[in-house]
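1. Structure for this input, please:
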Amino acid sequence: MWFQVTGTHCNLQCAHCFISCGPKNTTHEMITIDTIQWYLKEAAMLGVKEFYFTGGEPFLHPHIVDILQESLKYGQTTVLSNGTLITEDISQTLAQVSRTSKHKLAFRVSLESFIEEENDQIRGEGAFKRAIRGIQSLTHAGFNPIITVADWSKYGKFTKETAEGFQLLERSLNIPQLRLKKLPLVLLGRCAEFVRPYDEGERVTDQCFDNYPMDNLQCTTSRIVTSKGVFVCPILIDDPKAWMGRTLQESLNPYTMESPACYTCRTTGLTCKNEKHDAKDAVRKSVNEFYAAAAIQPQKELCCPTSYNAADISHIPLEALNISYGCGSPVTQANIKPGENVLDLGSGGGIDCFIAAKMAGEQGQIIGVDMTDEMLRNANATREIVARNLGYNNVRFMKGFLEEIPVTDECVDLVTSNCVINLSAQKEKVFQEIFRVLKAGGRFVISDIVSDREVPVSMKQDKKLWGECISGAITEAEFFNITRKIGFYGLEIVNRYLYKEVDGFTFYSITARGHKFKKSKECVYTGQYAIYKGPFSNVSDDDGHTYPVGTPIEICIDTAWKLSNPPYEGMFILSGGMQSKDVKTACGPKCC
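-> Numbers count the residues shown, from 1 in each chain. Purely as a prediction, here's the structure:
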């Protein structure tokens, strides 16, 4: 997608697409789902990849779930909301929608201040508490909403907005990883009344764009669709001069930036879009250089080197063990069976692959994926020695990224990684890839570093701390939120211990396990019951079913399959019906 701006004219060639669901405080009507579907198709033909739903309040639309489900067929989708109408039920429903989509669903919730009285002065009495409940509902469903806050401090209004203030709010609400997007004030509408209107001199001129990258302007990368057609941007939705036509194709014409709001966009870099994670390439480059050096010169204190059982590594040469960097031993805790196919991500010098090779035996297949050429050279050199010592060669190494695993769908029984996923700037994408390559019923066993709270920006910008598994660490809660959202079940902590403290932040090494399950389109009941054997008085599974000890509970064939396999195997007595997932009957009244 490329955009061009000449002088003070915006000329759109392709776009992000904002869709107004019909704010009640404007002259626009509520947009219909048929109209949205029409624009989505046109947007797809023009190459649009991202969609944003705004309002007023998008959750006022009676068909918002259907709308988002439709939008996710075409690209990443974000809802811009005030949070007051977001409930636990709708959050859980949208979590299910998100899990079945190949594109990401995200949310932005607006707050004026982290202080209730200040927020409600603008948003209305009770708005703060309702928004906080909405944020918590999204978090409980596995989402990590962005909090959007306006910068009132420049005009002497409210308490100065600080990241520290919102982090205090985060900790009090137990939000796993607060993300803030700070926006400047646009002095139109209520803001003009509350602060001041624009001065006559606050307008863009040709000189404003001397040596200025025009791609920074929002109007070079987006359009907003409404019930009345297409406007140049969400800020100017009520300005007749900003109307660009009835279709996105018509909106590709130039736009003269004569609104004073354009002055704010130019001088502040204002954009309504989510921040791009262009940092991923910089992180990859930094980590690659770090571990390339570690492959040549062993670094004993890099991350937290692992001690292995002597029997597990007896077939591996000492030189390879000297460049083994990790924070656990996932492969030795994965219960690898003979003949299994194993994928190790960020395989480095290959130690975990070589241990898995011995456990899986000659009929097993082990694949190591790493992005560092120096590590791959070392691993392949060691592979020949290991093959001679074992008497067979069942290991191969491939160059690739965690976010783009170079293997086919559903081809491995087990995925392991040892202190590697924290080195990625796109952790959700990594777990999506893990889910993709695992066979149904397959599992991951991952050792990694997690933090007690969100790592600050100062640490994230430290290249050395990235390589040392600190900068990229997420919280333990966020780790399980991501994996649960993607569809893993039976999540459990296998091991956990203190790693280190850095600048008052505490970091832990955990080994976690999860299983892949692809849910059927409908729940099928064939007369099966599950009885929980104890010792707890009752337990609940990933789908929300509760099992009191000793009480028969009717279950569908999906649940029966789960309970008869790891990690639940042996905890329940299953009776009646057939356990085959190929059975076809009508969905029962207790559809999960």
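2. Tell me, how many residues neighbour the nearest residue to Ala440 once chain neighbours are set aside?
-> Leaving aside its chain neighbours, Ala440 sits nearest to Lys518 (5.4 Å; criterion: CB to CB, 6 or more residues apart in numbering). Yep, even glycine has a C-beta here, placed from its N, CA and C like the rest. Lys518: 13 surrounding residues under other CB atoms under 10 Å.
3. do the same with the one 4 residues further on
-> By the other CB under 10 Å criterion, the neighbourhood of Glu522 contains 14 residues.
4. where does it land in three-state SS?
-> coil (DSSP: H, G, I helix; E, B strand; the rest coil).
5. For Val395, see how far away it is.
-> Remark: distance between Glu522 and Val395 (CB to CB, to the nearest Å) = 42 Å.
6. same deal with Ala310?
-> Taking CB to CB, one finds Ala310 at 20 Å from Val395.
7. ok, now Tyr532?
-> Going from Tyr532 to Val395 by CB to CB gives 41 Å.
8. residue ranges for the helices of the stretch 251-400 of the chain, please.
-> Along the stretch 251-400 of the chain, the segments classed as helices by DSSP state H, counting those that start in this stretch run 260-268, 279-296, 318-321, 351-360, 373-390.
9. Go through those and find the least confident stretch.
-> Ranked by mean pLDDT, those end with helix 279-296 at the bottom, a mean of 50.
10. Work out for me the element the residue nearest to the spatial centre of the chain sits within.
-> In the chain, the residue lying closest to the centroid (CA atoms, centre = their mean) is Glu428, at 4.0 Å. Element membership of Glu428 [criterion: DSSP states H and E] is helix 427-437.
11. Any regions of the stretch 451-592 of the chain where pLDDT drops low?
-> 457-458, 461, 463, 466-467, 577-592 (pLDDT under 70).
12. What ranges does it have for its strands?
-> Counting by DSSP state E, counting those that start in this stretch, the segments of the stretch 451-592 of the chain that form strands are 474-475, 488-502, 505-516, 528-532, 538-540, 546-548, 553-555, 572-575.
13. Could you export these to a markdown table, including columns for distance to Lys41 and mean neighbour count?
-> Putting those into a markdown table (distance: least, CB to CB, whole Å; neighbours: other CB atoms under 10 Å) gives the following:
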| stretch | distance to Lys41 | mean neighbour count |
| --- | --- | --- |
| strand 474-475 | 37 | 20 |
| strand 488-502 | 33 | 15 |
| strand 505-516 | 33 | 21 |
| strand 528-532 | 43 | 21 |
| strand 538-540 | 42 | 12 |
| strand 546-548 | 44 | 15 |
| strand 553-555 | 41 | 20 |
| strand 572-575 | 47 | 16 |
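14. wait, the residue nearest to the centre of the chain sits on Lys104?
-> Yes. Applying CB atoms under 8 Å, one finds Glu428 in contact with Lys104, separated by 7.3 Å.
15. pLDDT weak spots in the stretch 101-250 of the chain?
-> Residues of the stretch 101-250 of the chain that meet the cut-off, pLDDT under 70, sit at 153-168, 170-178, 210-216.
16. where exactly do the helices run in the stretch 1-150 of the chain?
-> Secondary structure of the stretch 1-150 of the chain (DSSP H, counting those that start in this stretch): helices located at 33-45, 64-71, 88-99, 116-123, 127-140.
17. Figure out which of the ones you listed is closest to Cys219.
-> Minimum separation from Cys219 across the helices of the stretch 1-150 of the chain (CB to CB) falls at helix 33-45, 16.3 Å.
18. Buried residues, that closest one. List them.
-> Buried residues in helix 33-45, counted by 16 or more other CB atoms under 10 Å: 36-37, 39-40, 42-43.
19. Mind giving me the packing neighbours of that helix?
-> strand 16-20, helix 64-71 (3 or more CB pairs under 8 Å, 6 or more residues apart in numbering; DSSP states H and E).
20. outside of it, which residues touch it?
-> Defining contact as CB atoms under 8 Å, 6 or more residues apart in numbering, one finds that helix 33-45 is touched by 15, 17, 19, 51, 63, 66-67, 70-71, 73-75, 225, 227, 247-249.
21. What about this protein, which residue is the most distant from its middle?
-> Distance-from-mean max, the chain, by CA atoms, centre = their mean: Glu200 at 43.5 Å.
22. Next one: that residue from Gly472, what distance?
-> For Glu200, the distance to Gly472 - CB to CB - is 48 Å.
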